[in-house]
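# got a sequence here, can you model it:
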Amino acid sequence: MSSLSVALGLRGAPLAAGNIPNYGPALLGFHFVFAYGILSSRTLKQWYGLDHNESPRYDLAKYGDAAVASGKITQKQLDMLKRNESAHANAVENYALFVGAVSMATFAGVDRTLINRAGLTYTVARVAYGIVYILIDHPRWSQIRGVTWWIGNCSCLYLLYKGAARLNQF
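Numbers count the residues shown, from 1 in each chain. The predicted model follows:
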């Protein structure tokens, strides 16, 4: 089994280049769990006692202000819960781009080290995006979120470009 540094193309492969694994499928699985599970707002809403399973999408809109008024949570906590919902929604929306980019690059025969690098770049950017989105409420520092969003999307656009280049070779 190749090491991560070989799979990312940072070190020469001891075996033939065809033996470098494509971590794309594993990263797709991770990002599904990350988007739909880890960033799910239900966990924090359950922690603060605001989860209503009969209609969870409207928990904060329906019960958030009342929870603040009653002292159950603070306004700052409610704002964080709202940012968590937004981070979750964005991760779910962005997942389709990542799936398409990794799939196209894989099926087009893009070098596996490039797929692995772009996938790891996307992963680091999206994890940072989620952390920044949920935890940072300062207007200036929240700009980091936009930077991480673009880094993640540019890694996907890179894979789409490389896939298109491979498909259009003559």
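
# which residues touch stretch 64-76?
If you take C-beta atoms under 8 Å, 6 or more residues apart in numbering as the criterion, stretch 64-76 is touched by 48, 49, 50, 78, 81, 82, 137. The C-beta positions use only the backbone N, C-alpha and C, and glycine is treated the same way.

# give the contact list for residue 157.
Neighbouring residues of residue 157 by C-beta under 8 Å, 6+ apart: residue 101.

# three-state assignment of it?
helix (DSSP: H, G, I helix; E, B strand; the rest coil).

# cool, and the one 5 residues further on?
Secondary structure state of residue 162, per three-state DSSP, is helix.

# thought it was touching residue 112?
No: no contact is recorded between residue 162 and residue 112 when judged using C-beta atoms under 8 Å, the distance being 11.5 Å.

# between those two, what contacts are shared?
Between them, residue 162 and residue 112 share no contacting residue under C-beta under 8 Å, 6+ apart.

# look at residue 54 and report its pLDDT.
In this prediction, residue 54 carries a pLDDT score of 74.

# for it, what are its contacts?
So, once contact is read as C-beta under 8 Å, 6+ apart, residue 54 ends up touching nothing.

# any idea how many residues pack against residue 81?
As a burial measure, the neighbour count of residue 81 was computed by other C-beta atoms under 10 Å and equals 22.

# rewinding a little: okay if I get the contacts of stretch 64-76 as TSV plus pLDDT?
Shown next, in TSV, are the contacts of stretch 64-76 (pLDDT from 0 to 100):
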residue	pLDDT
48	86
49	83
50	85
78	93
81	93
82	93
137	92
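
# go through the residues you listed and name the one nearest residue 166.
Of all these, residue 166 sits closest to residue 82, with 42.1 Å by C-beta to C-beta.

# let me know the closest of the contacts of stretch 64-76 to residue 143.
Top of the list for closeness to residue 143, among the contacts of stretch 64-76 and by C-beta to C-beta, is residue 137 at 12.4 Å.

# ok, now which ones touch the closest one?
The neighbourhood of residue 137, defined by C-beta under 8 Å, 6+ apart, consists of 76, 79, 80, 83.

# which of those count as buried?
Among the contacts of residue 137, those scoring as buried are 80, 83 (criterion: 16 or more other C-beta atoms under 10 Å).

# for the most centrally placed residue in the chain, what is the enclosing helix or strand?
Taking C-alpha atoms, centre = their mean as the criterion, residue 126 is the residue nearest the geometric centre of the chain, at 3.7 Å. Counting by DSSP states H and E, the secondary-structure element that holds residue 126 is helix 112-135.

# what mean pLDDT does that helix get?
Rounded to a whole number, the mean pLDDT of helix 112-135 is 97.
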